[in-house]
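Chemist: Provided below for reference: sequence and predicted model.
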Amino acid sequence: MRDLVEIGMGREARRAYDLDQIEIVPSRRTRSSKAVSTAWQLDAYRFDIPLLTHPTDAVVSPASAAALGKLGGLGVLNAEGLWARHADPEAALAQVVAAAAGDDPDSAQAVLQELHRAPIQTDLITEALRPLRDSGTPVAARVSPQRARELTPALLKAGVEILVVQGTIISAEHVSDDEPLNLKDFIADLDVPVVAGGVGDYRTALHLMRTGAAGVIVGYGQSSATTTDEVLGVGVPMATAIVDSAAARRDYLDETGGRYVHVIADGGMGTSGDIARAIACGADAVMLGEQLADAEEAPAGGLYWTSTAAHPSLPRSEVTGLAGSGRPLEQVLFGPTESPYGTTNLFGALRRAMAKTGYSDLKEFQRVGLTIRA
């Protein structure tokens, strides 16, 4: 039964929870962390850690995506970002970094918007994806629902193996004067797995699963850089959203007689403990951005923003951050670390959380006991 509270005469609201309000309950068993697997599989692609990158130019370049792939995760390149619009994307990024370091840091936003006024060029996308193809790691790219039909043929030709169709808030039914993207027909025509989102509730997650998506993104990349709640008044309490989407996954599994759709948590995770809580709530994998921004491989040198920062009329992310720590990406993911705050050794911590509660793999860990912090 849903927990409803009265917020005024004749109006009720559902009580929902963020990840930092959830605690994982140890079981009667513990195990060695060496006996724990964090492996995850999406369609035919197996990964050593349950990680996709949030598709932002601040974190994902062709080189950093390839590096992440070799470490066991999946780098997702933004096919509508700077690598798709500029022949020298590093120089374009340098303009943003210089503006952020200047006397008026807010000018970085304007620079980013101006850089995104350049048209998308499919030949630049093809060239950007070449290092990923050559590295032998899975090739993934993100498109918005508005540009999916336009850009997908070029992406497939360029070798994309996993397509991410991602907007701030996406639905299975979009009303528009223009012909909207019919995800079910769109996915049915493709030979590659599609991950779609973000969603924040059971009904929309179930609808997206029924389109044939291989994975559903829950959330909109909530971080210290996102301003969606301030701009739109829209928020997604992530613990509740993940649990609801996991319930949709279970019901869809029963409905189809065995088709499993992965739930991918995007946002509301500041620490390794939040990552563990997201998996415990039912996520199969997490989509991280801000947590990877200070790695030495991150192209923006410690700055962070999401793709909505470049929206021409209503940005919902700011350019934020400081100079990068210079830690290698491998250390950010697997340690060692001197920090006691869960900002480094992210997946070593996940492995330890699973071991301390006695679970050997991610699917088992989704059944761990949870409590609400008072």
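Modeler: Sure thing, it's come through.
Chemist: so how far is residue 365 from the residue nearest to residue 90 when sequence neighbours are not counted?
Modeler: Once flanking residues are discounted, residue 90 sits nearest to residue 299: 7.1 Å by Cβ to Cβ, 6 or more residues apart in numbering. To be clear about C-beta, it is placed using only N, CA and C from the backbone, and glycine gets the same treatment. Distance of residue 299 to residue 365, given as Cβ to Cβ, to the nearest Å: 33 Å.
Chemist: now residue 329
Modeler: Taken as Cβ to Cβ, the span from residue 329 to residue 365 is 24 Å.
Chemist: could you do residue 307 as well?
Modeler: Taking Cβ to Cβ, one finds residue 307 at 30 Å from residue 365.
Chemist: cool, residue 64 as well?
Modeler: Counting by Cβ to Cβ - residue 64 and residue 365 are separated by 28 Å.
Chemist: need the contact list for the closest residue to residue 214 other than its chain neighbours.
Modeler: Leaving aside its sequence neighbours, residue 214 sits nearest to residue 193 (Cβ to Cβ, 6+ apart; 3.7 Å). Contact analysis of residue 193 by Cβ atoms under 8 Å, 6 or more residues apart in numbering lists 42, 43, 44, 45, 162, 163, 214, 215.
Chemist: is the first one in a bridge, and if so with what?
Modeler: When bridges are called by DSSP bridges, residue 42 pairs up with residue 45.
Chemist: give me the three-state assignment for residue 141.
Modeler: strand (DSSP: H, G, I helix; E, B strand; the rest coil).
Chemist: number of nearby residues for it?
Modeler: 32 (other Cβ atoms under 10 Å).
Chemist: helices of the stretch 251-374 of the chain, residue ranges please.
Modeler: Using DSSP state H, counting those that start in this stretch, the helices of the stretch 251-374 of the chain run over residues 272-281, 329-334, 346-356, 362-365.
Chemist: quick one, which of those gets closest to residue 294.
Modeler: helix 329-334 (7.5 Å; Cβ to Cβ).
Chemist: next, the buried residues of the closest one.
Modeler: 329, 331, 332, 333, 334 (16 or more other Cβ atoms under 10 Å).
Chemist: who touches residue 245 in this structure?
Modeler: Here residue 245 is in contact with 199, 201, 202, 205, 216, 218, 263, 282 (Cβ under 8 Å, 6+ apart).
Chemist: show me what counts as buried in the host helix or strand of the fourth one.
Modeler: When you say that, I think you mean residue 205. Using DSSP states H and E, residue 205 falls within helix 202-209. Judged by neighbour count using 16+ other Cβ under 10 Å, the buried positions of helix 202-209 are 202, 204, 205, 206, 207, 208, 209.
Chemist: show me what it is packed up against.
Modeler: Secondary-structure packing of helix 202-209 (3 or more Cβ pairs under 8 Å, 6 or more residues apart in numbering; DSSP states H and E): strand 194-199, strand 215-222, helix 238-256.
Chemist: tell me the angle of that helix relative to strand 194-199?
Modeler: Following axes from the mean of the first three to the mean of the last three Cα atoms, to 10 degrees, one obtains 170 degrees for the angle between helix 202-209 and strand 194-199.
Chemist: could you check the angle helix 202-209 makes with helix 238-256?
Modeler: 50 degrees.
Chemist: what average pLDDT does helix 202-209 get?
Modeler: When pLDDT is averaged over helix 202-209, the result is 94.
Chemist: how far does it sit from its chain's centre?
Modeler: 17 Å (Cα atoms, centre = their mean, to the nearest Å).
Chemist: and for residue 44, nearest residue in space, chain neighbours not counted?
Modeler: residue 193 (8.0 Å).
Chemist: and residue 309, by the same measure?
Modeler: residue 317 (3.9 Å).
Chemist: the one you found reaches residue 290, doesn't it?
Modeler: No - if you go by Cβ atoms under 8 Å, residue 317 and residue 290 don't touch, sitting 10.5 Å apart.
Chemist: as a markdown table, the helices of the stretch 251-374 of the chain with mean pLDDT and distance to residue 131 would be great.
Modeler: Output for the helices of the stretch 251-374 of the chain, formatted as a markdown table (pLDDT from 0 to 100; distance: least, Cβ to Cβ, whole Å):
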| stretch | mean pLDDT | distance to residue 131 |
| --- | --- | --- |
| helix 272-281 | 98 | 28 |
| helix 329-334 | 97 | 16 |
| helix 346-356 | 97 | 24 |
| helix 362-365 | 97 | 29 |
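Chemist: who wins for proximity to residue 3 among those?
Modeler: That would be helix 272-281 among the helices of the stretch 251-374 of the chain, by Cβ to Cβ, at 15.8 Å.
Chemist: just to revisit the earlier point, could you dump the buried residues of helix 202-209 into CSV with distance to residue 127 added?
Modeler: Shown next, in CSV, are the buried residues of helix 202-209 (distance: Cβ to Cβ, whole Å):
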residue, distance to residue 127
202, 41
204, 36
205, 36
206, 39
207, 36
208, 32
209, 35
